[in-house]
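> Please find the sequence and the predicted model below.
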Amino acid sequence: MSELKVRDFVFGDGTPRICVPLIGRTEDEILNHANLIRSEINRLDAMYKDHPELRIAVIEWRTDFYERVGDLDKLSEMLTKIREIFSDRILLFTFRSEEQGGELRHDRVGVNLSPIMQTAIESGCVDILDIEVTRGNYKIARATTAAHAANVTVLMSYHDTRNTPHDEEIIEKLRDMEILGGDILKIAVTPKNEFDTRRLMDLNKRMVSESFKPIVLIAMGEKGVKSRFKCKETGSCLTFATVGQESAPGQMEAADLIALLKNQ
């Protein structure tokens, strides 16, 4: 698997990069959460100053929580403010659709998804753009091409909020993501039991050796927690943790996750 560098962080080198979601419905809520995350980053950086590989690397702004995401001027303004707070970290822009487990039902925004993505790309603030593989090949190709033209990395994603698909189905989706131009390939599923989680972790380990792209397979919920901190074992390039608020079931507090990773 080839390595991918974004800012000062490398994906696919065997070290899982830590991502924290930034959440809020209003500007004040978003900025308050951003400042809380910034304070925790500074505290953890100082605590683990001899372990730079344990730094929180990625801030994922979950724009599907933001009540004014359809206002492109406000969206651009918020991106600038968030970028200033996290000038030394990777900024991941995510608008999670309802069908993929997103927070809000933005019927009025659905038709404006392309302008929202374009605004993010053209802002100069975003390092990685999340593109859902369910969007349809034409929309995916347009968004991926625009992102790459602006030197923005594409994280292609798929979420199953009910089940853990068969291995063959997961592999097929990863291949599709690779063909469609994803730079980082992410699939999150919902395990029914410990066996599902172990099967997913074993598949992650296998696909890391077979794919040319960094991969992250996540088992969500309480039954899947192991997949979030055993990522050195599986080769997963990315793991998600929280500071204050979680964006998906099963996410651990960043400080707890880092302590576990340090002891592996």
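Structure received. Numbers count the residues shown, from 1 in each chain.

> Pull up the gap between Ser123 and Asn137, please.
Going from Ser123 to Asn137 by Cβ to Cβ, to the nearest Å gives 25 Å. (Each C-beta comes from the backbone N, C-alpha and C, glycine too.)

> what about Leu260, which SS state?
When the structure is split into helix, strand and coil by DSSP: H, G, I helix; E, B strand; the rest coil, Leu260 lands in helix.

> Look at Ser123 and Asn137 and report which has more neighbours.
With other Cβ atoms under 10 Å as the criterion, Ser123 and Asn137 differ in neighbour count, and Ser123 comes out ahead with 19 against 11.

> what separates that one from Thr80, distance-wise?
7 Å.

> How about Tyr158?
When Cβ to Cβ is the yardstick, Tyr158 and Thr80 sit 30 Å from each other.

> what sits against the closest residue to Gln264 other than its chain neighbours?
For Gln264, the nearest residue in space outside its immediate sequence neighbours is Lys232; the separation is 5.0 Å by Cβ to Cβ, 6 or more residues apart in numbering. Lys232 makes contacts with Gly14, Thr15, Pro16, Leu261, Gln264, as judged by Cβ atoms under 8 Å, 6 or more residues apart in numbering.

> can you redo those residues as TSV with neighbour count?
Supplementary listing: these in TSV, determined by neighbours: other Cβ atoms under 10 Å:
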residue	neighbour count
Gly14	13
Thr15	17
Pro16	26
Leu261	21
Gln264	10
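
> which ones among the residues you listed are found in helices?
Cross-referencing those against helices under DSSP state H gives Leu261.

> Redo the contacts of Lys232 as TSV? Include pLDDT and distance to Ile116.
Putting the contacts of Lys232 into TSV (pLDDT from 0 to 100; distance: Cβ to Cβ, whole Å) gives the following:
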residue	pLDDT	distance to Ile116
Gly14	89	34
Thr15	91	32
Pro16	94	29
Leu261	92	34
Gln264	77	38
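
> Closest one of the contacts of Lys232 to Arg228?
Pro16 (9.1 Å; Cβ to Cβ).

> The closest one and Glu233 touch, don't they?
No. Here Pro16 does not reach Glu233: they are 9.9 Å apart, not a contact under Cβ atoms under 8 Å.

> sec struct for the residue nearest to Gln264, please.
Taken by three-state DSSP, the conformation at Lys232 corresponds to helix.

> Now Pro165. Nearest residue, chain neighbours left out?
Spatial nearest neighbour of Pro165, excluding adjacent residues (Cβ to Cβ, 6+ apart): Val189 at 6.5 Å.

> Distance of that neighbour relative to Glu222?
14 Å.

> Between these two, tell me which one has more neighbours.
With neighbours defined as other Cβ under 10 Å, Val189 and Glu222 compare such that Val189 has more, 25 against 9.

> What residues of stretch 139-156 count as buried?
Counting neighbours by 16 or more other Cβ atoms under 10 Å, one finds that the buried residues in stretch 139-156 are Ile140, Arg142, Ala143, Thr144, Ala146, Ala147, Val152, Thr153, Val154, Leu155, Met156.

> so, if you compare those residues, which one comes nearest to Thr119?
For those, the minimum distance to Thr119 (Cβ to Cβ) is 10.9 Å, reached by Ala146.

> What helix or strand is that closest one located in?
Taking DSSP states H and E as the definition, Ala146 sits inside helix 137-149.

> which residues are in contact with the helix or strand harbouring Leu217?
Secondary structure assignment for Leu217, by DSSP H and E: strand 215-219. For strand 215-219, the surrounding residues in contact (Cβ under 8 Å, 6+ apart) are 1, 164, 170, 174, 184-191, 196-197, 200-201, 203-204, 207-208, 224, 226-228, 231, 234-240, 248, 250.
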